[in-house]
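A.B. asks: Dropping a prediction and its sequence here:
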Amino acid sequence: MTPVMSRWMMLLVRINLSGVYMNEKNVSLTSVKPTTFAFFVGTMGAVLGVIVAIAAWLQGTVAYTAATDSLLQGLLLGLGAGFLALIFLPMIYFAIGWLVGFFQGVVLNLALNAMGGLEVGTRASDDSEALPAQRSTQTATRKAEPTFGETIGRRRDDL
């Protein structure tokens, strides 16, 4: 497995997968939360939507400039259409990506249930990249923050 693929697998394991059982070297992936998977695919769609919107913006500006024989008019007409594309295309791409991702998450769950899970090998190079279950239990002691009621009580005592 390449380092890029292992990074993506670590990312997928970190974004709220349900049904993950860990031991020291292998992770058995038995299900994926479809809404989380859908959000991930929708976000990738929104990024693609921004790229497409910028390309459409530039294409529209060049087309309007050529049609009007005036650079200023072409830029102004292209800016209006480009701003609309930059606002609406990422939202549309996100919505379509979310729907496709939800469907893919449901199909992935069906496939994982049919084959009994997916074995994924993991390796943490240092403690900062370790999965939450593999991190050391040493944590810094932190003073508890006062609750809202305690803060109000303290203010009354000050009066």
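C.D. replies: In hand now; what should we look at?
A.B. asks: any idea which helix is longest in the protein?
C.D. replies: Of all the segments of type helix in the chain, defined by DSSP state H, the longest one is helix 71-115.
A.B. asks: what's around Val120, how many residues?
C.D. replies: Neighbours of Val120 under the rule other Cβ atoms under 10 Å: 16. Using the backbone N, CA and C atoms, a C-beta is placed for each residue, glycine as well.
A.B. asks: Would you quantify the distance from it to Leu29?
C.D. replies: 6 Å (Cβ to Cβ, to the nearest Å).
A.B. asks: again with Thr36
C.D. replies: Thr36 is 13 Å from Leu29, by Cβ to Cβ.
A.B. asks: Give me the buried positions along stretch 73-85.
C.D. replies: 74, 77-78, 81-82, 85 (16 or more other Cβ atoms under 10 Å).
A.B. asks: Over to stretch 83-95?
C.D. replies: Neighbour count says stretch 83-95 has 85-86, 89-90, 93-94 buried, by 16+ other Cβ under 10 Å.
A.B. asks: What's the mean pLDDT across that stretch?
C.D. replies: The average pLDDT for stretch 83-95 rounds to 91.
A.B. asks: Tell me which of Thr36 and Leu29 has more neighbours.
C.D. replies: Just comparing Thr36 and Leu29: by other Cβ under 10 Å the higher neighbour count belongs to Leu29, 20 against 17.
A.B. asks: Spatially nearest residue to the more buried one, not counting backbone neighbours?
C.D. replies: Leu118 (4.4 Å; Cβ to Cβ, 6 or more residues apart in numbering).
A.B. asks: wouldn't Arg86 be in contact with Val52 here?
C.D. replies: Careful, residue 86 is Leu and not Arg. No - contact criterion Cβ atoms under 8 Å: Leu86 and Val52 do not qualify, at 9.9 Å.
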